[in-house]
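S.K.: Give me a model of this one.
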Amino acid sequence: MSDKMMVTGYTADNHGYLKDTTIPINSHMPFTGNPSTSGMPVTVSAFYGMLYHFFNYLKNNDEVNDFFQGVYGIEFSKASLFRLLGQQGCEYVRFNFAIPDADEKISLLAHGLDINRKPIGYDALMEKAQTGKLWDGPGDPGAEERGNGGETNQPLEALFAALKASGHPFGAATPEDL
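M.R.: Purely as a prediction, here's the structure:
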């Protein structure tokens, strides 16, 4: 069931930090359940500002940058997100950092949450944790999705190169600098 609401969202101040905006970003944003939201739309300035601060932080903290191993974004397919959101009672998606492979590159693991932010299939997850029987099979909630990719930043690098070429201060920290 979906209603319509007016959403304002976030823009960035001239330092790139988020601030509320009164400019409508999407005037007919659908929502379900509770009208208070987790996550809000952002403007282009907020998009660039948040990424600028992330890349600037990594540029100034080698040990943290080393941890990311060149992976600065994770993709989820529409099918993965629809599987999560299509679960009975799913109102939110939570992304947890994870290391799924022996190369120890960081990724994200997503799972659906109900209106109270409790994982979908929580009872089955708890039962498996309590018994120590974590094998795939009957009783698995099927609620988790692993993100893919993230090793290529070419589109993002091109956007930040253009920002740098335009002389905007947010172009001072880019993925290509890392």
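S.K.: Tell me the gap between stretch 44-64 and the middle of its chain.
M.R.: 15 Å (C-alpha atoms, centre = their mean, to the nearest Å).
S.K.: so the closest residue to His15 other than its chain neighbours is in which element?
M.R.: Distances taken as C-beta to C-beta, 6 or more residues apart in numbering put Gly49 closest to His15, at 7.6 Å, once the chain neighbours are dropped. From N, CA and C alone the C-beta is placed, and that goes for glycine too. Secondary structure assignment for Gly49, by DSSP states H and E: helix 44-60.
S.K.: Quick check: buried residues in the helix or strand following that helix?
M.R.: The first helix or strand that comes after helix 44-60 along the chain, using DSSP H and E, is helix 62-68. For helix 62-68, burial by neighbour count (16 or more other C-beta atoms under 10 Å) applies to Asn65.
S.K.: for the spatially most central residue of the chain, helix, strand, or coil?
M.R.: In the chain, the centroid-proximal residue (C-alpha atoms, centre = their mean) is Phe95; its distance is 6.4 Å. Of the three states, Phe95 takes strand under DSSP: H, G, I helix; E, B strand; the rest coil.
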